[in-house]
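Student: Turn this into a structure:
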Amino acid sequence: MDRHRCRFCADELDETFIDLGLSPLANSFVPPERADTTEPAYPLHARVCRACGLVQLPQFESVASIFDQYLYYSSYSESWLHHCESYAAAMIVRAKLGVTSVVIEIASNDGYLLQYFRRAGIRVLGVEPASGPAAAAIAKGIPTRTCYFGRDVARALRAEGHRPDLVVANNVLPHVTDINDFVAALRILLPETGRATLELPHLLHLIEGIQFDTIYHEHLSYFSLATLETVFRAHGLRIFDVEELPTHGGSLRLHVCNQAAPEGPSPALERLRRREAEAGIDQAATYRGFREKVAAKREMIRGFLVAARGAGKTVLAYGAPAKGNTLLNYCGVTCELIPFTVDRNPHKQGLLLPGSHLPIRDPAALIAAKPDYVFILPWNLKDEIIAQLPEVRRWGGQFVVPAPDLTIIS
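Tutor: Reported below is the predicted structural model:
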């Protein structure tokens, strides 16, 4: 077995969390003219560190090759925008932010979040490595630095006089190759009286919901609260509160301060610590049970698609998310079972999904085809997607949601 080291504590990784076989990078969309070209595929084998509990994948591609031309734009999800608007309103009150305050967001994408602080008259700055989303944010009037966040960038921002009252980092820590550099940079940037909030998927929800499709190469790390507390403590920071969110199938919002800050642990933090311990988040038996459930879920998904085809029913997919590519490739789904998918993001339309090579089309193509089933790949957005497609019910179509269990909604 190849020897791998934990990206946080450098301990040897010899415990398997889940092995999903070989798969191309989840966001490596394929131009149609390269449909016959063999794509590189890498082991999608997640391991868990016995020392610190961090579940992780090895890094196969450079960060630049993944994110420099990133095609994910946060503003195409209406439910996500509502989530962010509500967060901004709540934090303006909770952190007592006003016209003299500063909010800096790490991995600010297309300005999806900072726009709400800016509308409230608060000064903002985004840090975003992907040139496309960064340009979109700047076009909205959101000041944005196009670079990767780490110690050097944090020191440069401090030298320029930036003293943010709030630092936001949503769904970025799992993508970071050097966790220690990133968290140390947060400590550098954060003033003694400042606070940071981070949102990220919760390992416990991944296990309980059998969310194997949320595992993909660009998503390098999978965190429990226990591991997160260890990571932040190592860099002079402390989690003082936590919120459990429904986003991305079950996420945590961490409220972080400097180690010496007066904030004590909230009741919610204490409750989640106990819940993780009771769930056996640090026990090997928990992971073995997860692997068995994933294998059963794969057979259920394939069984449905094969049976639908045998009965002469048509199945089309909705969405082109990274999680959808893990699901399709692990379950061996090709165009024979699902001829194409659709997505609202015009940057993805006209391309092929990696591995499965399902064509990505405009949602109008799905309406024109009138399939019997619409298989929702971004299942965490199922309510939003179903609301966007009232025509499906008019022709008697049904929606298929693969998580937490395979469910048909008519």
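
Student: In contact with the one residue sitting closest to the centre of the chain, which residues?
Tutor: With distances taken as C-alpha atoms, centre = their mean, the residue of the chain nearest its centroid is residue 171 (5.4 Å). For residue 171, the contact set (C-beta atoms under 8 Å, 6 or more residues apart in numbering) comprises 107, 199-201, 248, 251. (Each C-beta comes from the backbone N, C-alpha and C, glycine too.)

Student: Distance check, it against residue 84.
Tutor: For residue 171, the distance to residue 84 (C-beta to C-beta, to the nearest Å) stands at 11 Å.

Student: residues near the residue nearest to residue 24 when sequence neighbours are not counted, how many?
Tutor: In this structure, residue 24 finds its nearest non-sequential neighbour in residue 354, 4.0 Å apart by C-beta to C-beta, 6 or more residues apart in numbering. For residue 354, the neighbour count with other C-beta atoms under 10 Å is 24.

Student: The helix or strand encompassing residue 103 pairs with which strands, and in what direction?
Tutor: Assigned by DSSP states H and E, residue 103 falls within strand 102-106. Sheet pairing for strand 102-106, assigned by DSSP bridges, gives strand 123-127 (parallel), strand 166-170 (parallel).

Student: Which helix or strand lies directly C-terminal to the helix or strand of the chain with the lowest mean pLDDT?
Tutor: Ranked by mean pLDDT, DSSP states H and E, the weakest helix or strand in the chain is helix 63-67, scoring a mean of 60. Downstream of helix 63-67, the next assigned helix or strand under DSSP H and E is helix 78-94.

Student: Buried ones in that next one, by neighbour count?
Tutor: Applying a neighbour-count criterion of 16 or more other C-beta atoms under 10 Å, one finds 79-81, 83-84, 87-88, 91-92 buried in helix 78-94.

Student: what mean pLDDT would you report for that helix?
Tutor: Mean pLDDT, helix 78-94: 94.

Student: now for it, which elements pack on it?
Tutor: Using 3 or more C-beta pairs under 8 Å, 6 or more residues apart in numbering; DSSP states H and E as the contact test, the elements touching helix 78-94 are helix 114-119, helix 382-388.

Student: Pull the distance from the first one to the chain's centre.
Tutor: If I follow you right, that is helix 114-119. Its chain's C-alpha centre and that of helix 114-119 lie 22 Å apart, by C-alpha atoms, centre = their mean, to the nearest Å.

Student: List the buried residues of it.
Tutor: Result for helix 114-119 [16+ other C-beta under 10 Å]: buried residues 114-118.

Student: Helices along this protein, start to end?
Tutor: 63-67, 78-94, 114-119, 131-139, 151-159, 179-189, 203-208, 225-233, 267-279, 284-310, 322-330, 363-369, 382-388, 390-394 (DSSP state H).

Student: So for the longest one, what gets flagged as buried?
Tutor: Applying a neighbour-count criterion of 16+ other C-beta under 10 Å, the buried positions in helix 284-310 are 287, 290, 294, 297-298, 301, 304-305, 308.

Student: next one: stretch 259-267
Tutor: Across stretch 259-267, burial judged by 16+ other C-beta under 10 Å covers residue 261.

Student: neighbouring contacts of that stretch?
Tutor: For stretch 259-267, the external contacting residues (C-beta under 8 Å, 6+ apart) are 192-193, 233, 236-238, 240-242, 255, 257.

Student: ok, the residues you listed vs residue 364, which is closest?
Tutor: residue 242 (41.8 Å; C-beta to C-beta).

Student: What does the pLDDT read for that closest one?
Tutor: On pLDDT, residue 242 comes in at 98.

Student: any idea how far residue 126 is from it?
Tutor: With C-beta to C-beta as the criterion, residue 242 and residue 126 are 25 Å apart.

Student: higher neighbour count, these two?
Tutor: Between residue 242 and residue 126, counted using other C-beta under 10 Å, residue 126 has the larger neighbour count: 26 against 23.

Student: List the contacts of the more buried one.
Tutor: 104-105, 108, 111, 114, 134, 137, 142-145.

Student: What count of nearby residues applies to the spatially closest residue to it that is not a sequence neighbour?
Tutor: Nearest residue to residue 126, sequence neighbours excluded (C-beta to C-beta, 6+ apart): residue 108, at 3.0 Å. Residues lying near residue 108 (other C-beta under 10 Å) number 30.

Student: same check, this time on residue 219
Tutor: Neighbours around residue 219, by other C-beta under 10 Å: 20.
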